[in-house]
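Enquirer: sequence plus predicted model, see below.
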Amino acid sequence: MAEQKLLSSHYSNVFADHYDSWFGTSSETADTVELLAQLAGSGPVLELGIGTGRIALPLQARGVEVIGIDGSEAMVAQLRSKPGGQHIPVTIGDFSQVPVEGSFSLIYLAAGTFFELPSQQAQLDCFTNATRRLAPDGLFVFDANLPETLFATQSTNGQALATDGDQLIVRYRQLDPAAQRYTSHYVIIDDGATRHLKVAFRYAAPGELDLMAHLAGLRLKERLGGWSGTQFTRSSAYHVSVYEADAAKPSGVQARSVSMR
Ligand SMILES: C[S@@+](CC[C@H](N)C(=O)[O-])C[C@H]1O[C@@H](n2cnc3c(N)ncnc32)[C@H](O)[C@@H]1O
């Protein structure tokens, strides 16, 4: 969690005021909410890294009961300042530990947040602890870049990102394959001011994610090519993975006895 606090102070806390306008276009937000609403079941649902409520608020407006976890008070303050933001219970803490009670028909992460967990162990912990909070027919869902995409875009750095506003955002990804990590550097020019924002990630290929799921007592139900529900194919750059309980395996049992460090 110490490393996470450092990361949060880098962007979540410092850039919380601008997060919504700089990141996440409205079309991508709408696709994400639509797919999550279809997967939500009877609820309640839990968002790990709920942030400013970019996804949670419109999902709640669709009649889904949402609760969240986030490590950044500043991001959650943004959520609280929005209409409906007072009605979403949020726990401040490390989401890899899933520090909430109850059981959920859907636990999800959006905007590539899973890879913000800084190590393989933290990512495995997240799978294991989420599994313990899933209802019997519950789903664990998140989106992620493919390593191949990260490497392909490295050679065409930096890339201008689409935004809904007047800002110019250029992203440069610095990869470290030896550590299976990358840092995204964003140069943001907004209303005459230039900022430099850095976010660190630990990436994993789908096969490694599926193995973590297996260790936690889950199995892959479906892999999509994005939040719009496109098929996952050999030309996909991205994936949205949907995990469900593995009926052949008691949840979390293996993960407690296996360390993948
Ligand atoms: C990229 S933002 C996504 C916010 C929101 N899910 C969205 O799609 O707009 C990632 C969020 O996860 C939070 N976060 C990252 N790692 C975390 C951790 N280990 N525990 C709790 N929150 C974390 C950050 O503070 C931030 O609010």
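Expert: Done, it's in. Since the structure is predicted, the reported quantities are computational estimates derived from the model, not experimental observations.
Enquirer: mind checking pLDDT for the closest residue to the ligand within the stretch 151-261 of the chain?
Expert: Sorted by distance to the ligand under Cβ to the nearest ligand atom, the residues of the stretch 151-261 of the chain start with residue 199, at 7.5 Å. Where C-beta positions appear, they are placed from N, C-alpha and C, glycine not excepted. pLDDT for residue 199: 91.
Enquirer: quick check on it: phi, psi?
Expert: Here the main-chain torsion angles of residue 199 (degrees, to the nearest 10) amount to phi -130, psi 130.
Enquirer: same question, residue 83
Expert: Comment: the main-chain dihedrals of residue 83 come out as phi -60, psi 130, following degrees, to the nearest 10.
Enquirer: and it, how far from residue 245?
Expert: Shown here: residue 83 relative to residue 245, a distance of 36 Å by Cβ to Cβ, to the nearest Å.
Enquirer: the two: which has the busier surroundings?
Expert: Taking other Cβ atoms under 10 Å, residue 83 and residue 245 do not tie; residue 245 has more neighbours (21 against 8).
Enquirer: wait, what's in contact with the more buried one?
Expert: Applying Cβ atoms under 8 Å, 6 or more residues apart in numbering, we find residue 245 in contact with 131, 134, 136, 137, 138, 217, 218, 219, 251.
Enquirer: just the buried residues of these.
Expert: Burial by neighbour count, judged by 16 or more other Cβ atoms under 10 Å, picks out 131, 134, 138, 217, 218, 251 from the contacts of residue 245.
Enquirer: show me which pair in the residues you listed is furthest apart.
Expert: Using Cβ to Cβ, those reach their maximum pairwise distance at 138 and 217, which is 11.7 Å.
Enquirer: near the ligand, which residues of the stretch 151-261 of the chain show up?
Expert: Selection of the stretch 151-261 of the chain residues close to the ligand by Cβ under 6 Å from any ligand atom yields an empty set.
Enquirer: since that was my last question, I'll sign off now.
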